[in-house]
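In: Next input, structure requested:
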Amino acid sequence: MADRVEKALEYFKRSFFAIDGLWFVMLEGADSFDRALEIDEKVWRVMPKIQSRKIRELYGIGGKGLRDLLRALWIKFEIEGYEAGIEFEGDRALISIRECPWFEIMKGAGRGALAGRIGERICSTEYRAWADEFGGGIRFSLESQLCKGDDACRLRFQCEKMA
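Out: Numbering: from 1, shown residues only. The predicted structure follows:
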(Lines give C-alpha, C1' and ligand atoms only; values in the text may rest on other atoms or scores of the structure.)
Protein backbone atom coordinates (compact mmCIF):
# COMPACT_ATOMS: atom_id res chain seq x y z
CA MET A 1 0.00 0.00 0.00
CA ALA A 2 2.76 2.48 0.91
CA ASP A 3 4.47 1.75 -2.42
CA ARG A 4 1.27 2.64 -4.31
CA VAL A 5 0.91 5.87 -2.36
CA GLU A 6 4.54 6.79 -3.14
CA LYS A 7 3.97 6.08 -6.83
CA ALA A 8 0.78 8.14 -6.85
CA LEU A 9 2.51 11.06 -5.14
CA GLU A 10 5.38 10.92 -7.61
CA TYR A 11 2.91 10.76 -10.50
CA PHE A 12 1.05 13.88 -9.35
CA LYS A 13 4.30 15.73 -8.64
CA ARG A 14 5.55 14.99 -12.16
CA SER A 15 2.18 16.04 -13.60
CA PHE A 16 2.38 19.34 -11.70
CA PHE A 17 5.78 20.10 -13.23
CA ALA A 18 4.72 18.92 -16.68
CA ILE A 19 1.54 21.00 -16.91
CA ASP A 20 3.46 24.18 -16.11
CA GLY A 21 5.85 23.62 -18.99
CA LEU A 22 3.25 22.25 -21.38
CA TRP A 23 0.88 25.21 -21.34
CA PHE A 24 3.87 27.58 -21.60
CA VAL A 25 5.19 25.85 -24.73
CA MET A 26 1.70 25.71 -26.27
CA LEU A 27 1.11 29.44 -25.73
CA GLU A 28 4.61 30.24 -26.96
CA GLY A 29 3.89 28.33 -30.17
CA ALA A 30 0.53 30.02 -30.67
CA ASP A 31 1.73 33.52 -29.79
CA SER A 32 5.28 34.25 -28.59
CA PHE A 33 7.81 33.53 -25.85
CA ASP A 34 7.29 37.01 -24.37
CA ARG A 35 3.50 36.54 -24.19
CA ALA A 36 3.89 33.12 -22.58
CA LEU A 37 6.29 34.60 -20.03
CA GLU A 38 3.86 37.44 -19.31
CA ILE A 39 1.01 34.98 -18.61
CA ASP A 40 3.33 32.70 -16.62
CA GLU A 41 4.21 35.64 -14.38
CA LYS A 42 0.50 36.23 -13.72
CA VAL A 43 0.06 32.56 -12.82
CA TRP A 44 2.98 32.69 -10.38
CA ARG A 45 1.50 35.75 -8.64
CA VAL A 46 -1.44 33.54 -7.66
CA MET A 47 0.10 30.08 -7.17
CA PRO A 48 2.03 31.01 -3.98
CA LYS A 49 -1.25 32.10 -2.39
CA ILE A 50 -2.77 28.70 -3.12
CA GLN A 51 0.32 26.77 -2.04
CA SER A 52 1.00 28.74 1.12
CA ARG A 53 -2.59 28.55 2.31
CA LYS A 54 -2.73 24.79 1.76
CA ILE A 55 0.64 24.22 3.47
CA ARG A 56 -0.53 26.35 6.42
CA GLU A 57 -3.71 24.29 6.68
CA LEU A 58 -2.01 20.90 6.38
CA TYR A 59 0.91 21.66 8.69
CA GLY A 60 -0.76 23.94 11.24
CA ILE A 61 1.21 27.07 10.44
CA GLY A 62 -1.05 29.79 11.75
CA GLY A 63 1.02 32.89 12.06
CA LYS A 64 2.62 35.53 9.97
CA GLY A 65 6.20 36.64 9.89
CA LEU A 66 9.57 35.46 8.73
CA ARG A 67 9.84 32.21 10.70
CA ASP A 68 6.45 30.95 9.52
CA LEU A 69 7.28 31.93 5.95
CA LEU A 70 10.52 29.96 6.10
CA ARG A 71 8.82 26.96 7.67
CA ALA A 72 6.24 26.89 4.85
CA LEU A 73 8.86 27.37 2.14
CA TRP A 74 10.95 24.56 3.61
CA ILE A 75 7.94 22.23 3.33
CA LYS A 76 7.41 23.32 -0.28
CA PHE A 77 11.07 22.68 -1.05
CA GLU A 78 10.91 19.19 0.45
CA ILE A 79 7.74 18.30 -1.47
CA GLU A 80 9.03 19.61 -4.80
CA GLY A 81 12.56 18.21 -4.44
CA TYR A 82 14.78 21.23 -3.93
CA GLU A 83 18.23 20.97 -2.34
CA ALA A 84 18.45 24.05 -0.11
CA GLY A 85 19.71 25.52 3.13
CA ILE A 86 18.70 28.47 5.30
CA GLU A 87 20.93 30.87 7.23
CA PHE A 88 19.43 33.26 9.78
CA GLU A 89 20.90 36.68 10.40
CA GLY A 90 18.72 38.36 13.01
CA ASP A 91 15.68 39.72 11.19
CA ARG A 92 16.97 38.39 7.86
CA ALA A 93 17.22 34.97 6.28
CA LEU A 94 19.14 33.75 3.27
CA ILE A 95 17.95 30.64 1.45
CA SER A 96 20.55 29.01 -0.78
CA ILE A 97 19.12 26.63 -3.36
CA ARG A 98 21.77 24.29 -4.73
CA GLU A 99 19.39 22.18 -6.83
CA CYS A 100 16.15 23.44 -8.34
CA PRO A 101 13.75 20.91 -9.89
CA TRP A 102 12.37 23.55 -12.27
CA PHE A 103 15.82 24.34 -13.64
CA GLU A 104 16.61 20.64 -14.02
CA ILE A 105 13.39 20.12 -15.98
CA MET A 106 14.16 23.05 -18.25
CA LYS A 107 17.65 21.75 -18.97
CA GLY A 108 16.25 18.28 -19.62
CA ALA A 109 13.76 19.76 -22.08
CA GLY A 110 16.55 21.54 -23.96
CA ARG A 111 15.43 24.96 -22.73
CA GLY A 112 18.31 25.69 -20.36
CA ALA A 113 19.35 28.71 -22.43
CA LEU A 114 15.98 30.35 -21.69
CA ALA A 115 15.99 29.47 -18.00
CA GLY A 116 17.75 32.67 -16.91
CA ARG A 117 15.11 34.90 -18.49
CA ILE A 118 12.30 32.80 -17.09
CA GLY A 119 13.87 32.42 -13.63
CA GLU A 120 14.60 36.11 -13.23
CA ARG A 121 11.00 37.03 -13.83
CA ILE A 122 9.14 34.07 -12.36
CA CYS A 123 11.23 33.41 -9.25
CA SER A 124 11.16 37.09 -8.31
CA THR A 125 7.39 37.11 -8.71
CA GLU A 126 6.84 33.81 -6.90
CA TYR A 127 8.95 34.48 -3.82
CA ARG A 128 7.74 38.06 -3.49
CA ALA A 129 4.19 36.65 -3.43
CA TRP A 130 5.23 34.13 -0.76
CA ALA A 131 6.63 36.99 1.36
CA ASP A 132 3.42 38.99 0.93
CA GLU A 133 1.36 36.03 2.14
CA PHE A 134 3.22 36.05 5.45
CA GLY A 135 3.03 39.75 6.16
CA GLY A 136 3.56 43.01 4.35
CA GLY A 137 6.68 43.75 6.36
CA ILE A 138 8.81 41.07 4.68
CA ARG A 139 10.97 42.19 1.77
CA PHE A 140 12.37 39.78 -0.78
CA SER A 141 15.39 40.00 -3.06
CA LEU A 142 16.81 37.50 -5.53
CA GLU A 143 20.59 37.73 -5.19
CA SER A 144 21.80 34.97 -7.50
CA GLN A 145 20.43 32.24 -9.74
CA LEU A 146 21.50 28.75 -10.79
CA CYS A 147 19.90 29.34 -14.18
CA LYS A 148 22.23 32.29 -14.76
CA GLY A 149 25.35 30.28 -13.99
CA ASP A 150 25.68 31.01 -10.26
CA ASP A 151 26.53 28.21 -7.82
CA ALA A 152 23.15 28.64 -6.08
CA CYS A 153 19.97 30.64 -6.10
CA ARG A 154 20.08 32.99 -3.15
CA LEU A 155 16.78 34.27 -1.84
CA ARG A 156 16.98 36.95 0.84
CA PHE A 157 14.01 37.69 3.07
CA GLN A 158 14.17 40.58 5.51
CA CYS A 159 11.71 42.01 7.96
CA GLU A 160 11.28 45.75 7.55
CA LYS A 161 11.86 47.82 10.65
CA MET A 162 8.72 49.49 11.90
CA ALA A 163 9.06 53.21 12.61
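In: Show me where this protein has its strands.
Out: Listed in chain order, the strands found in the chain under DSSP state E are 83-89, 92-99, 138-144, 153-159.
In: now those strands as a markdown table including mean neighbour count, distance to Ala2 and mean pLDDT?
Out: Quick note: C-beta positions are derived from backbone N, CA and C, even for glycine. As requested, those are exported to a markdown table (neighbours: other CB atoms under 10 Å; distance: least, CB to CB, whole Å; pLDDT from 0 to 100):
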| stretch | mean neighbour count | distance to Ala2 | mean pLDDT |
| --- | --- | --- | --- |
| strand 83-89 | 13 | 24 | 94 |
| strand 92-99 | 17 | 26 | 97 |
| strand 138-144 | 16 | 37 | 96 |
| strand 153-159 | 20 | 33 | 97 |
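In: what's the lowest-mean-pLDDT helix or strand in the chain packed up against?
Out: Among the secondary structure pieces of the chain, namely its helices and strands, helix 2-30 has the lowest mean (mean pLDDT, DSSP states H and E), a mean of 88. Applying 3 or more CB pairs under 8 Å, 6 or more residues apart in numbering; DSSP states H and E, one finds that helix 2-30 makes contact with helix 33-59, helix 101-108.
In: wait, which of the ones you listed is closest to Phe140?
Out: helix 33-59 (10.9 Å; CB to CB).
In: Which strands and helices lie in contact with the closest one?
Out: Helix 33-59 packs on helix 2-30, helix 66-80, helix 112-133, going by 3+ CB pairs under 8 Å, 6+ apart.
In: I appreciate the help and will end here.
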